[in-house]
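Chemist: kindly generate the corresponding structure for this input.
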Amino acid sequence: MRFGQSAVLGVVLACALRPLTAAPPTAVRVWEDSLELPTYAEAAPNPNPPFDLFSFTRFNYPYTLRDALSDRRAVQRWRALHLENEYLRVTLLPDLGGHLYSCFDKVSGRDLFYANPSIKKALIGYRGAWAAFGIEFNFPVSHIWMSISPVDFATRTNPDGR
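Modeler: Numbering: from 1, shown residues only. Here you go, the predicted structure:
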């Protein structure tokens, strides 16, 4: 392809894609409320974080161990952060590590993955307690230290409404 042909092709592509970039932004909503889920109780973490300089498999300091799980189940209210655009409606649980709890595809009318209807912790996380639900951030180790610990978040609305 000669230079002139590639320039023409670039102009044609720019003209073809312009309506996509010039489209007005779609409405995006964000709101906070709560979600009630049956949850198995967990006692307070051990107040003395383990400090074992010679442990090569698990070094948690300064994080406490969360290993006091129970089989007592009760409905618990969790803060929920919802984000929605024309394609997806997403729910995050900031008090449970910011896990992406559910993601609903509005185009197909289906959930993208299973939203576990209850929270039951197991002793498989780096600090002990971990729960199988949603999607979590796992770096640099699996089921990281903050896996189901509360995370901070903030929302804002830009002057143009986004």
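Chemist: residues in a beta bridge with F104, which ones?
Modeler: R89, D111 (DSSP bridges).
Chemist: my guess is it contacts R89. True?
Modeler: Yes: using C-beta atoms under 8 Å, F104 is in contact with R89, at 4.4 Å. Every C-beta, even on glycine, is put in place using the N, C-alpha and C of the backbone.
Chemist: show me the shaky parts of this structure.
Modeler: 1-25, 52-59, 139, 141 (pLDDT under 70).
Chemist: so which residues of it form helices?
Modeler: 3-22 (DSSP state H).
Chemist: longest strand of it?
Modeler: As assigned by DSSP state E, the longest strand anywhere in the chain is strand 69-84.
Chemist: what about Y101, distance to Y63?
Modeler: 23 Å (C-beta to C-beta, to the nearest Å).
Chemist: who has more neighbours, those two?
Modeler: Y101 (23 against 17; other C-beta atoms under 10 Å).
Chemist: how about the contacts made by the more buried one?
Modeler: The neighbourhood of Y101, defined by C-beta atoms under 8 Å, 6 or more residues apart in numbering, consists of L35, A80, T91, L92, L93, A115, F133, G134.
Chemist: this completes my enquiry, with thanks.
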